[in-house]
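Student: predicted model, plus sequence, below.
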Amino acid sequence: MQIGILQCGQAPDALKDAAGDYPDMFMRLLAGRGLDFTNYHVENMEFPDSVQAADGWLITGSRHGAYEPHPWIAPLESFIRQAFDAAVPMVGICFGHQIIAQALGGKVEKFSGGWSVGAQDYRFGGETLTLNAWHQDQVTQRPQGAEQAGYSEFCDNAALIYPGRAFTVQPHPEFDDSFVRGLMETRAKGVVPDDLLDAARQRLGGARDSARIADRIEAFFRAATADEMGAA
């Protein structure tokens, strides 16, 4: 199964030697699942020729806001709507979660409650999963047809399912603790309140349920693709 990664941001240069860039993190997260990957750096205006160029699309995180006027935002939103209409499945993580919602009529904004950083606990169905987060923006209004798939006390729309079309998650299953620690050292100073950083440090080294989200991503891609093949 061919997955196109739409890269919307870059890891800090100081962390790339150890962690790689965002596409590398997703390829590690989803390794051993029979998925092949091609990367398109849409932040640099590198877009696929067609939504049919891959069996599914994965939209990464970004330090940019979905509502910011960057030249690649509008083409990305158009691509998302085309993929949605063509029933080519999409997965969005953090910024990817937000830009899919925005492109389909939802609302994304800086959350009045501030930042979420480090390990957070989310409810997915009957399960509590612990995942790393790094965001201030949130989806504050779901698009029509989007269903809540996960939430926390801090983030009501922590995961959304658009049946047969998209599965999106606000936290970062691709971020391990060493990368989160690196973000604290490279991107947090003067931006994220000290008390939140202290709380995040207290939870470094604990168990994370990233593999459970990887299971859900794989299952979504395969089910959506099978449904599309059956419809054809």
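Tutor: That came through fine. Numbers count the residues shown, from 1 in each chain.

Student: going forward, measure contacts and count neighbours with C-alpha atoms only.
Tutor: OK.

Student: can I get the helix or strand hosting Leu160 in PDB? Just the C-alpha atoms.
Tutor: Leu160 is part of strand 159-162, with elements assigned from DSSP states H and E. Output of strand 159-162 as PDB, limited to C-alpha atoms (Å, rounded to 0.1, in the frame of the first residue of the first chain):
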ATOM      1  CA  ALA A 159      -9.300  12.800  17.400                       C
ATOM      2  CA  LEU A 160     -11.900  12.800  14.600                       C
ATOM      3  CA  ILE A 161     -13.200  10.300  12.200                       C
ATOM      4  CA  TYR A 162     -14.700  11.200   8.900                       C
END
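
Student: any chance you could list what contacts it?
Tutor: His97, Gly145, Ala146, Glu147, Gln148, Ala149, Gly150, Tyr151, Phe167, Thr168, Val169, Gln170 (CA atoms under 8 Å, 6 or more residues apart in numbering).

Student: before we move on, what about stretch 195-215?
Tutor: For stretch 195-215, using CA under 8 Å, 6+ apart, the contacting residues are 29-30, 115-119, 129-132, 173-174, 177, 181, 184.

Student: in strands, which of the contacts of strand 159-162 fall?
Tutor: Glu147, Gln148, Ala149, Gly150, Phe167, Thr168, Val169 (DSSP state E).

Student: ok, the second one - contacts?
Tutor: Okay, so that is Gln148. Per CA under 8 Å, 6+ apart, neighbours of Gln148: Asn157, Ala158, Ala159, Leu160, Ile161.

Student: beta partners for the last one?
Tutor: Each beta-bridge partner of Ile161 is listed here, defined by DSSP bridges: Glu147, Phe167.

Student: how many neighbours does it have?
Tutor: Neighbourhood size, Ile161 [other CA atoms under 10 Å]: 18.

Student: restricting to C-alpha, output the top helix by length along the chain in PDB.
Tutor: When the chain is parsed with DSSP state H, its longest helix is helix 210-231. C-alpha atoms of helix 210-231 as PDB (Å, rounded to 0.1, in the frame of the first residue of the first chain):
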ATOM      1  CA  SER A 210       1.900   5.300  20.200                       C
ATOM      2  CA  ALA A 211       1.700   1.800  18.800                       C
ATOM      3  CA  ARG A 212      -2.000   1.700  19.500                       C
ATOM      4  CA  ILE A 213      -2.500   4.800  17.300                       C
ATOM      5  CA  ALA A 214      -0.300   3.200  14.700                       C
ATOM      6  CA  ASP A 215      -2.600   0.200  14.800                       C
ATOM      7  CA  ARG A 216      -5.600   2.500  14.200                       C
ATOM      8  CA  ILE A 217      -3.900   4.400  11.400                       C
ATOM      9  CA  GLU A 218      -3.100   1.100   9.600                       C
ATOM     10  CA  ALA A 219      -6.600  -0.300  10.200                       C
ATOM     11  CA  PHE A 220      -8.200   2.900   8.900                       C
ATOM     12  CA  PHE A 221      -6.100   3.000   5.700                       C
ATOM     13  CA  ARG A 222      -6.700  -0.700   4.900                       C
ATOM     14  CA  ALA A 223     -10.500  -0.500   5.700                       C
ATOM     15  CA  ALA A 224     -11.000   2.700   3.700                       C
ATOM     16  CA  THR A 225      -9.000   1.300   0.700                       C
ATOM     17  CA  ALA A 226     -11.000  -2.000   0.800                       C
ATOM     18  CA  ASP A 227     -14.300  -0.100   0.900                       C
ATOM     19  CA  GLU A 228     -13.200   2.000  -2.100                       C
ATOM     20  CA  MET A 229     -12.200  -1.100  -4.000                       C
ATOM     21  CA  GLY A 230     -15.500  -2.800  -3.100                       C
ATOM     22  CA  ALA A 231     -17.400   0.300  -4.300                       C
END
